[in-house]
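Enquirer: the following block contains a protein sequence and its predicted model.
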Amino acid sequence: MTLAALEQLMLAQAQECFWQKAVLAENRDIIIARLAEQVGEFYKTAEECGVKSNAISAEWIHRISAKRYHMAAAAQYSAACDCLERSKYGEEIARLEAALAHVKNAVVEGKYLTKAYLADLTGFQSKLVENLRKTNKDNDMIYLCKLRSPQGITYILMEYPLAPVPPASALPPIQKAVMAKSTVPKEITEAQTNLTETGLYGVPLFAKLVPFAVHLAASIYAEKRDRLINNELTGELEALTTKLHDLLQSLNLPGSLQALEKPLGLPSGLVAHAEEIRSQDGLARIRQSIDDIAKLKASNVAMYQEAVEILSSEESADRLLREKHGTARWTRPVSRVAIPQLYKELEEYGGYIKSAEKSDNLVKGKVKEHQAVLRVLGSDLGEVEAFVPNTQRVKMTPRLEREVARLRNCLNEVSRLESRRRRKIEAVREKARTDDITTDILQETAHLERTSPHTKIEPFHFETLFETRLSTRYSPERTLLQNESLEQSQLESRLRESNTAFLACQKTDTTTKEREAALQALENGYFKYREIVQNLDTGRKFYNDLAKLLGQWRERVKGWCLERMAEARVLEGDLVAGVGNMRISGGSGVGGEHEKAPKVDVETSMKTLQPVQVQASPPAVRQLRSGDRRSITQHAAPPAAQQAVAQAPPTPPLAVRPIALNGPPSTPLPAPTPTRVVPPPQIPSPMPGLWTGNGMTPIRFAGEPPEVSRKVPQAKR
């Protein structure tokens with residue numbers, strides 16, 4: 001009902017806007033009345049729904065009620081004005097009276113209204129009273145319509161052809177003009193059609209929410225797919241390209257051919273290569289990348305060392321506790337046995353870091369080896385031209401021209417092969433980026449749940465799906481790799497034959513050889529630059545990926561070590577509490593039943609001063625976990641001491657009980673043989689001067705000479 005009340009309230013406010021617009025535009029009174037009547041109807045419905053709601057406060061309901069009566073009065077007033085225009089004076093009076101009654105009901109809610117709104121209502125009420133007074137006066141003096149007595153009996157002043165004043169219940173209802181209505185937007189009624197990839201709202205919010213096993217399986221497939229793409233497909237294609245470049249370098253191509261074709265200046269291909277390196281800030285870019293990779297490496301090593309130190313600290317703490325409490329009590333497994341996966345990952349990540357360090361050193365060696373050539377390629381074009389010596393044009397024989405053309409065709413085929421291969425590599429990577437196996441995994445999951453409803457879904461259930469999808473989806477790429485390898489083998493054979501024939505026809509001098517060497521060095525430097533940049537990009541990606549893995553592994557190490565430390569505190573607390581609560585009880589050692597230790601009544605013993613022997617309950621000889629077996633004997637005093645002790649004030653009784661040592665039942669240890677007599681407990685003296693010392697000190701009573709002092713008998717061993 002709360003939503004219904006709010007809906008009707010908003011409809012009333014929208015309808016009221018149309019009413020205010022009609023009033024300001026001074027439209028016909030009947031139109032204003034019809035608009036106001038519908039506003040009041042909306043407020044009435046909102047009030048009825050608000051009363052039934054538990055969320056709408058009473059202040060709101062009172063305010064809505066005042067608005068309802070206000071608009072009803074406005075509708076009756078506008079209808080009365082319309083009746084005046086149509087000479088319906090009796091109906092005019094009735095509608096003015098009805099409007100005044102509605103306004104009075106609205107004013108009753110005044111304490112819930114604002115001062116401005118209440119002033120508007122009271123002003124409207126005064127206006128209605130004045131208009132009703134004038135209308136009644138005109139009726140009494142001019143129109144003489146039938147009037148109603150207070151009891152509802154009409155009487156006639158004189159015959160007049162005008163309609164009488166009808167009662168409020170007999171007034172014809174005002175036709176409502178609905179200008180506002182609630183409609184559900186098309187975007188909500190047809191929301192399903194908009195919840196698509198190309199729809200207005202896109203895919204549903206949780207459409208791609210899948211179980212964790214499915215998410216993990218998708219991650220495993222992505223790893224397998226990337227490994228296939230990088231190692232077997234694109235990696236092999238790039239390896240073929242590197243092999244082709246090594247062949248060209250060993251054949252001194254295209255430097256030897258360029259020196260012959262263009263003895264002066266720089267070849268166009270070499271100029272393009274120099275422009276590319278210079279635009280990329282060649283050597284400076286390489287050094288910046290090396291510095292960035294060094295920072296990433298340092299961050300990864302720091303995370304790895306932190307995790308190693310945490311594991312080492314936990315292992316050391318566990319070893320110290322094991323040495324402190326002994327292996328018999330400290331029985332939890334050692335760290336490497338408790339969670340071997342973390343230590344396995346420790347070794348794996350350490351191997352990754354060492355292998356990456358070797359690769360970094362290899363790349364740095366390449367940079368150091370070719371930095372002179374890279375510096376020349378990254379400089380101005382004039383410096384590049386100065387690096388390459390010029391030669392005189394050589395007159396070529398027809399045979400040499402044929403071999404040069406043949407060799408040039410082979411080199412052009414190499415260039416076309418490289419360009420085509422780069423496009424194929426990009427196509428394969430784009431295909432891998434758009435490879436989404438989530439739908440197939442969900443279908444396989446549904447199939448597994450139908451066939452084996454009680455089996456927990458694990459990633460290994462999808463291994464067959466992975467292998468089938470990878471083999472079928474990337475089968476054309478495997479075929480492409482085989483074709484590329486075969487085509488390159490044939491091209492390499494033609495290239496060797498053409499170069500051999502070219503060298504057989506070529507006559508070179510020292511200057512030509514120097515130009516060939518310079519051009520070949522620049523050409524090799526360009527390809528090394530591309531290789532180094534690619535290696536650095538691979539290294540940066542490796543360290544970024546390794547940082548994510550190391551961060552997750554470090555957090556797992558921290559969490560496990562915290563759990564391990566908490567477990568150690570609990571175990572150590574249990575061991576300490578177990579030792580402190582052990583009780584000297586024969587039953588606990590032999591039969592597992594705890595016997596109640598006998599108490600010594602010290603007060604009775606002091607009164608009688610007779611020997612009180614503490615007798616042990618059977619079995620006579622108690623078996624204890626640890627410590628000495630002791631029997632406590634209360635010694636007696638001479639009879640003369642009884643009177644002095646009897647005259648002393650009473651002493652609170654002392655409950656003497658053995659030390660309690662509790663522990664779990666176990667095989668008892670043999671009790672050691674006592675080697676000395678345990679002295680009896682000291683008994684406080686009831687009066688000063690009567691007793692000093694311990695049980696072995698002679699007793700002297702008041703008034704008794706020192707030589708008469710008596711000694712307490714020695715306890716028997």
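Expert: Cool, got the structure.

Enquirer: need phi/psi at residue 268.
Expert: phi -60, psi -40 (degrees, to the nearest 10).

Enquirer: equivalent analysis for residue 368, please.
Expert: For residue 368, the backbone dihedrals (degrees, to the nearest 10) come out as phi -60, psi -40.

Enquirer: so what pLDDT did it get?
Expert: As predicted, residue 368 sits at a pLDDT of 92.

Enquirer: list the buried residues in stretch 279-290.
Expert: By neighbour count with 16 or more other Cβ atoms under 10 Å, stretch 279-290 contains the buried residues 282, 283, 285, 286, 289, 290. No exception for glycine: its C-beta is placed from N, CA and C like everyone else's.

Enquirer: what's the answer for stretch 298-311, then?
Expert: So for stretch 298-311, counting by 16+ other Cβ under 10 Å, buried means 300, 303, 304, 307, 310, 311.

Enquirer: out of those residues, which sit inside helices?
Expert: 300, 303, 304, 307, 310, 311 (DSSP state H).

Enquirer: on that earlier part again, how about CSV for the buried residues of stretch 279-290, with secondary structure and pLDDT added?
Expert: CSV is the format used below for those (DSSP: H, G, I helix; E, B strand; the rest coil; pLDDT from 0 to 100):
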residue, secondary structure, pLDDT
282, helix, 86
283, helix, 88
285, helix, 91
286, helix, 93
289, helix, 93
290, helix, 94
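
Enquirer: can you redo the residues you listed as TSV with distance to residue 458?
Expert: Formatted as TSV, the buried residues of stretch 279-290 follow (distance: Cβ to Cβ, whole Å):
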residue	distance to residue 458
282	51
283	51
285	46
286	46
289	41
290	43
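
Enquirer: closest to residue 255 out of those residues?
Expert: residue 282 (20.0 Å; Cβ to Cβ).

Enquirer: quick check: the gap between residue 108 and residue 65.
Expert: 9 Å (Cβ to Cβ, to the nearest Å).

Enquirer: my bad, residue 84
Expert: 29 Å.

Enquirer: those two: who's more crowded?
Expert: residue 65 (21 against 18; other Cβ atoms under 10 Å).

Enquirer: which residues touch that one?
Expert: If a contact means Cβ atoms under 8 Å, 6 or more residues apart in numbering, then residue 65 has 43, 47, 105, 106, 109 as its contacts.

Enquirer: could you check which helix or strand contains the most centrally placed residue in the chain?
Expert: By Cα atoms, centre = their mean, the chain has its centre lying nearest to residue 552, at 12.9 Å. Residue 552 belongs to helix 510-580 when assigned by DSSP states H and E.

Enquirer: which strands or helices does that helix pack on?
Expert: helix 234-250, helix 255-261, helix 268-279, helix 282-325, helix 340-377, helix 381-387 (3 or more Cβ pairs under 8 Å, 6 or more residues apart in numbering; DSSP states H and E).

Enquirer: got those helices as CSV, with distance to residue 200 columns?
Expert: Shown next, in CSV, are the helices and strands packed on helix 510-580 (distance: least, Cβ to Cβ, whole Å):
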stretch, distance to residue 200
helix 234-250, 39
helix 255-261, 60
helix 268-279, 44
helix 282-325, 43
helix 340-377, 47
helix 381-387, 56
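
Enquirer: relative to residue 137, which of those helices is closest?
Expert: helix 282-325 (97.5 Å).

Enquirer: tell me the angle that closest one makes with helix 268-279.
Expert: 50 degrees (axes from the mean of the first three to the mean of the last three Cα atoms, to 10 degrees).

Enquirer: next secondary structure after helix 282-325?
Expert: helix 335-338.

Enquirer: which residues touch that following helix?
Expert: Applying Cβ under 8 Å, 6+ apart, the contact partners of helix 335-338 are 311, 314, 315, 318, 332, 343, 564.

Enquirer: out of those, which end up buried?
Expert: Buried, going by 16+ other Cβ under 10 Å: 311, 314, 315, 318, 564, out of the contacts of helix 335-338.

Enquirer: could you find the closest non-adjacent residue to the first one?
Expert: Closest residue to residue 311 apart from its sequence neighbours, by Cβ to Cβ, 6 or more residues apart in numbering: residue 557 at 6.1 Å.

Enquirer: what's the neighbour count on that neighbour?
Expert: With other Cβ under 10 Å as criterion, residue 557 counts 21.

Enquirer: check which residues of stretch 105-121 are buried.
Expert: Buried residues in stretch 105-121 (16+ other Cβ under 10 Å): 106, 107, 109, 112, 113, 117, 118, 121.

Enquirer: give the rounded mean pLDDT of it.
Expert: Rounded mean pLDDT across stretch 105-121 is 90.
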